[in-house]
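Novice: The sequence isn't on hand, but the structure is:
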């Protein structure tokens, strides 16, 4: 018997809740589901919840888990991020998928992937 039945939430630490909400809701178009002041916010990302936590005095530590967001139009995502001034890498062809790395205002890495 498995101890876990899935992932409940993935979250990043942020320095500015307002900047994070502007990025995840405004730039990425994720629906803001809940906000608890400057301590916590949750966004709907398909069937999953992507959350941001805290308001840290300094930049979050790099490393750790990464959020991968699925898309049917990786080039459209790349173009949108460029227009929004988001720091991003180049679209990478992985053979069976295409991937794009990009960063939120606190430097947390996110990945967009287009399967097939």
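Specialist: Cool, the structure landed. Worth saying up front: this structure is predicted, and the values here are computed from it rather than measured.
Novice: pLDDT score for residue 95?
Specialist: Reading off the confidence values, residue 95 has pLDDT 86.
Novice: now residue 3
Specialist: pLDDT for residue 3: 55.
Novice: what is residue 42 paired to in the beta sheet?
Specialist: residue 34, residue 51 (DSSP bridges).
Novice: how near is it to residue 87?
Specialist: Using CB to CB, to the nearest Å, one obtains 24 Å as the distance from residue 42 to residue 87. For the C-beta atoms, the positions are set from N, CA and C on the backbone; glycine is no exception.
Novice: beta partners of the residue lying closest to residue 108 once chain neighbours are set aside?
Specialist: Nearest non-adjacent residue to residue 108, counting by CB to CB, 6 or more residues apart in numbering: residue 12, 4.4 Å away. In this entry, residue 12 is beta-bridged to residue 52, by DSSP bridges.
Novice: which residues in the protein form helices?
Specialist: 17-21, 74-83 (DSSP state H).
Novice: Compare these and give me the one nearest residue 64.
Specialist: Set against residue 64 and scored by CB to CB, the helices of the chain come closest in helix 17-21, at 16.5 Å.
Novice: ok, and what's touching the closest one?
Specialist: By CB atoms under 8 Å, 6 or more residues apart in numbering, the residues outside helix 17-21 that reach it are 12, 14, 32, 35, 37-39, 41, 52, 55, 104-106.
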